[in-house]
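>>> Coordinates only, no sequence provided:
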C-alpha cells in the first residue's frame, strides 16, 4: 500500500502528534508498505530517512490564504507524482487541504484527531474516516456531528517505538527518595498549578519529598512564583529532555494532573517503565489506566484528591509494587505494532 502521512512538523521536542506519526510511518515501512511523510520538517527527518521513509517538505503551519494556496499546490503536485492510496492527516490544516485535493484525485483520506479540544477540530470531519486516539475523543467527535459510522478508535501505542532507546546506566538520573515525577509541558492544560498545589499537601506528610517537572516551561509565571517561594528547593523545573525516561528508574511515583489529555504518550511510557501512577480522571486517561486498574485516578482540578492519591502511594511500597505490575500488564497491549495493525484495518475498511 502507498501511504502518505501529512502533518505540521516532525519536531523532536516532545510533540505527541509528531511522535505518533513517526512511529506509525516507520512501522508501516517495516511491514513493506511504501510510506512517505510531508511536513515542514524537524528533528525526526533523519530517523524517517534511516528507516527508508521519504520526507517531503510541505508547510501546513499557517492558515493564511496565501500559505493555504501554496500548501494546496504542493500537496496536489506531490499526490500526482507519488499516487498514494491513502493520505493520512494528523492535524487540521492538512486534513482540510487534503479534502480539497481529493476532489479530483482517487485516494482515501484518513484524519486522526489527536487533540479534540483544539479550535476548528470539527473541520477534520471532511475526511473519509475520522480516528480518535481514545473512545473519549471519538465520543466527542460524535457530539460534534461526525457520523458514528465514519469514526474509528485507535489507541496510541508506545512499546516498540523506533524513537526511543532504553537509557544507559550512566544516563539515568538518580533521584532522592519520595521523588514525584511528571513529564510534559508546564502549562495550564497539563495542570501544573494543580500539581504544585497538591505538592503543598504532600510535603506536610512527607517533608523530604521532591517534585520534578520534566518538560518545556510554557507557564513561566508559575515557575517563577515557585522559585520565589518556600518550595524552591523541592520543586524542580528541569526543562525539556529528549529522553525523559532517564527519570523513571529512580522515581517513586509518576503524576499527571492534566485538565485535558486525549491519550498522553508520557503516561504510556510511565506505565511501560512499571511506575505507579496517579493521573486525572479526564478524557482518555481512564482508558490508558484500564479504568483505574493500572493506576490511581484523581478528580481533575482537585489538588486535595491528587495529593491524597499520591500520599497513598508514597506510604505503601506494596501498593506501588502492585500498581507497577498492573501498569506493565496494561501497556503490553499498547504497542506500536498493535496501533499500526489497527490503522491498516481502518485504511482497508475505509477504502472498500
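Yes, it's here. Every value quoted in this text rests on a predicted model; they were computed, and no experiment measured them.
>>> drop to CA atoms for contacts and neighbour counts, all remaining ones
OK.
>>> Could you report the pLDDT at residue 117?
pLDDT, residue 117: 89.
>>> Equivalent analysis for the one 4 residues further on, please.
The pLDDT attached to residue 121 in the predicted structure is 95.
>>> right, and residue 90 touches residue 113 too?
Yes - at 6.7 Å, residue 90 counts as touching residue 113 under the criterion of Cα atoms under 8 Å.
>>> Tell me which of those two has more neighbours.
residue 113 (27 against 24; other Cα atoms under 10 Å).
>>> excluding its backbone neighbours, what's nearest the more buried one?
Once flanking residues are discounted, residue 113 sits nearest to residue 132: 5.2 Å by Cα to Cα, 6 or more residues apart in numbering.
>>> Wait, that neighbour touches residue 154, no?
Yes - if you go by Cα under 8 Å, residue 132 and residue 154 touch, sitting 6.3 Å apart.
>>> Who has more neighbours out of the two?
Neighbours were counted for residue 132 and for residue 154 using other Cα under 10 Å; residue 132 has more, 26 against 20.
>>> list the contacts for the more buried one?
Contacts for residue 132 (Cα atoms under 8 Å, 6 or more residues apart in numbering) come out as 112-114, 138, 141, 151-155.
>>> which pair in the residues you listed spans the largest distance?
141 and 155 (15.3 Å; Cα to Cα).
>>> all helices of this structure, in order?
All helices of the chain, identified by DSSP state H, fall at 16-30, 45-50, 65-82, 92-102, 135-143, 192-205, 220-227, 265-272, 285-288, 303-315, 317-331, 336-351.
>>> tally of neighbours for residue 227?
By other Cα under 10 Å, neighbour count at residue 227 equals 16.
>>> Please read off the pLDDT at it from the model.
96.
>>> same deal with the one 3 residues further on?
As predicted, residue 230 sits at a pLDDT of 95.
>>> so how far is residue 220 from it?
17 Å (Cα to Cα, to the nearest Å).
>>> Then residue 335?
In terms of Cα to Cα, residue 335 sits 35 Å off from residue 220.
>>> before we move on, what about residue 141?
33 Å.
>>> For these two, indicate the residue with more neighbours.
residue 141 (23 against 12).
>>> Residue 122 is in contact with the more buried one, correct?
Yes - with contact defined as Cα under 8 Å, residue 141 and residue 122 form a contacting pair (7.3 Å).
>>> what sits against the residue lying closest to residue 42 once chain neighbours are set aside?
By the measure of Cα to Cα, 6+ apart, the closest residue to residue 42 outside its immediate chain neighbours is residue 11, 4.0 Å from it. When contacts are counted by Cα under 8 Å, 6+ apart, residue 11 is found next to 18, 41-44.
>>> nearest residue to residue 54 other than its sequence neighbours?
Per Cα to Cα, 6+ apart, closest to residue 54 is residue 36, 4.6 Å.
>>> Same question for residue 20.
residue 156 (7.3 Å).
>>> Now do residue 69, the pLDDT please.
On the pLDDT scale, residue 69 gets 97.
>>> Can you give me the neighbour number for it?
13.
>>> The one 5 residues further on too?
Taking other Cα under 10 Å as the neighbour definition, residue 74 ends up with a count of 18.
>>> show me the contacts for the closest residue to it other than its chain neighbours.
Distances taken as Cα to Cα, 6+ apart place residue 58 nearest to residue 74, at 6.6 Å, with adjacent residues excluded. Residue 58 is in contact with 38-40, 71, 74-75, counting by Cα under 8 Å, 6+ apart.
>>> mind running it again at 10 Å?
6-9, 37-41, 70-75, 78, 94 (Cα atoms under 10 Å, 6 or more residues apart in numbering).
>>> which of these are buried?
6-9, 37-41, 71-72, 74-75, 78, 94 (16 or more other Cα atoms under 10 Å).
>>> So which of these is the closest to residue 252?
Taking those together and measuring to residue 252 by Cα to Cα, the closest member is residue 9, at 34.1 Å.
>>> what pLDDT does the closest one get?
98.
>>> give me every residue that touches it.
Contacts of residue 9 by Cα under 10 Å, 6+ apart are 15, 17-18, 21, 37-45, 57-61, 91.
>>> if you set the cut-off to 7 Å instead, what comes out?
Residue 9 makes contact with 18, 39-42 under the criterion Cα atoms under 7 Å, 6 or more residues apart in numbering.
>>> Can you tell me the number of residues neighbouring the nearest residue to residue 266 once chain neighbours are set aside?
Of all residues not flanking residue 266 in the chain, residue 183 sits nearest, at 6.4 Å (Cα to Cα, 6+ apart). Burial of residue 183 is recorded as 26 neighbouring residues (other Cα under 10 Å).
>>> Many thanks, have a good one.
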